[in-house]
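>>> Kindly generate the corresponding structure for this input.
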Amino acid sequence: MSNHHTEVFYEIKVRGELDPDWSDWFDGFSINCKNAETRLLGSVVDQAALLGILVKIGQLNLTLLSVNRMEN
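As a prediction, the model looks like this:
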């Protein structure tokens, strides 16, 4: 197994509107709101980093709508 990490982009959608100022807390993910949903878009280096983002969503008691891996 290789130790080489490649960043992977994800789009995460949650119910409600999250202020874009939360971007730093979400490891630099961009935050865009539309129609009472928030779209977080950014990259992670591995699955542990993705899990960290999802844990933060849970800590804010946000409803997770979708997690999509974005192809290059």
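
>>> Now do the buried residues in stretch 64-72.
Within stretch 64-72, no residue qualifies as buried by neighbour count (16 or more other C-beta atoms under 10 Å). Quick note: C-beta positions are derived from backbone N, CA and C, even for glycine.

>>> Heading C-terminal from the helix or strand where Ala48 lies, find the next helix or strand.
If you go by DSSP states H and E, Ala48 is part of helix 47-59. For helix 47-59, the following helix or strand on the C-terminal side (DSSP H and E) is strand 64-70.

>>> okay, the angle between that next one and helix 47-59?
Per axes from the mean of the first three to the mean of the last three C-alpha atoms, to 10 degrees, the angle that strand 64-70 makes with helix 47-59 is 160 degrees.

>>> Who are the packing partners of strand 64-70?
On a contact count with 3 or more C-beta pairs under 8 Å, 6 or more residues apart in numbering; DSSP states H and E, strand 64-70 meets strand 8-15, helix 47-59.

>>> Understood, closing this out.
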